[in-house]
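1. Here you go, sequence then predicted model.
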Amino acid sequence: MRTPNRTPDAALLRDAAAIAAAMIAVGASFGAITIAYALPLWLPFAMSTLVFAGGAQFLAVGLFAAGNPIAAIVAGLLLNARHLPFGLAVSATIGPRLRDRLIGSHLMTDEVVAFTLRETDPVRRRRTYWLIGITLFTSWNAGTALGVLLGGVTGDPAQLGLDAAFPAGLIALILPSLRDRSTRAVALTGAALAVLFTPILPAGLPVLCALLGLLVLFVPRFRSGLRTPAPGSAPDTAAGSATAAGSAAGPDSAAGSAAGSGPDSAAGSAAGSVAGSAPVSLGGEA
């Protein structure tokens, strides 16, 4: 029996399989690099299982090999600081239970968050998060093991063009969101800031600087605040208009307004206005 969600789930599985294949290849490269650096055999397995952060792992391995473990820890923290806004974005999706939050936060990657935020239905969001998270975690560790076993056969992923697979996949995932004007402005501003600061700041910080693109959302509010009239200006203007109208109507308008008071104030006011204006008009014609 076909269900309404069958087609979307099939598309999701297809996308997950494609990015998992790239994850296996890059994970194999990571495992091979650790062997090439003559690092302990247990290190790549421990990092892929306990850290599960590709960029931070590649960076840390290079610093470990250079004999600077403190710098590796600091660089990893900076590079993964972007997970703080990620966590805020998918907190409700992961669930309220402590076990779910601990496991879900460990599975959090750029790709998992991008796939999740693409969905609008809460149930599908949760299913997508766990499906993509578990798939990528499994494929990354499988790739690491494959790289350790094969040694230097896999080589640098950049030579195969695999280093561009993940950015291209992320761009494809966020393209539907760019139809919104505000989202497009924030994304383009953040990307420009990240590119601008990449040659200047250490790895990890340019991504955090991209968060400044959110300030674009406050520009229209700031402009509208500058255009807001001073407090009391509108009531004074209305009062001035009412005073001028009352003066032009003449003394009879006061009597008309008084006659228009009471329960039927709307009808009375209209009648008073007519009664007050009629003598003035007749006098003008005379």
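-> Okay, I see it.

2. show me where the stretch 101-250 of the chain has helices.
-> Assigned by DSSP state H, counting those that start in this stretch, the stretch 101-250 of the chain shows helices spanning 110-118, 122-150, 165-174, 181-197, 205-209, 219-227, 233-249.

3. By mean pLDDT, show me the worst of these.
-> Set side by side, the helices of the stretch 101-250 of the chain give their lowest mean pLDDT on helix 233-249, at a mean of 44.

4. Do I have it right that residue 146 meets residue 27?
-> Yes: assessed by Cβ atoms under 8 Å, residue 146 is found in contact with residue 27 at 7.3 Å. (Glycine included, C-beta is placed from N, CA and C.)

5. Excluding chain neighbours, give the residue nearest to residue 116 in space.
-> Here the nearest residue to residue 116 in space, its sequence neighbours aside, is residue 129; by Cβ to Cβ, 6 or more residues apart in numbering that works out to 4.5 Å.

6. Isn't the one you found up against residue 93?
-> Yes: using Cβ under 8 Å as the test, residue 129 is close enough to residue 93 to be in contact (5.3 Å).

7. shared neighbours, those two?
-> Both residue 129 and residue 93 are contacted by residue 116, under the criterion Cβ atoms under 8 Å, 6 or more residues apart in numbering.

8. Now do the same for residue 11: its pLDDT.
-> Here the pLDDT value assigned to residue 11 is 83.

9. count of neighbours near it?
-> The burial metric for residue 11, expressed as a neighbour count using other Cβ atoms under 10 Å, is 10.

10. Then the one 4 residues further on?
-> Residues near residue 15, counting by other Cβ under 10 Å, number 18.

11. what's the answer for residue 148, then?
-> Other residues near residue 148 number 21, with proximity taken as other Cβ under 10 Å.

12. same question, residue 122
-> By other Cβ under 10 Å, 10 other residues sit near residue 122.

13. My read is that it contacts residue 93, right?
-> Yes: here residue 122 reaches residue 93: they are 7.3 Å apart, a contact under Cβ under 8 Å.
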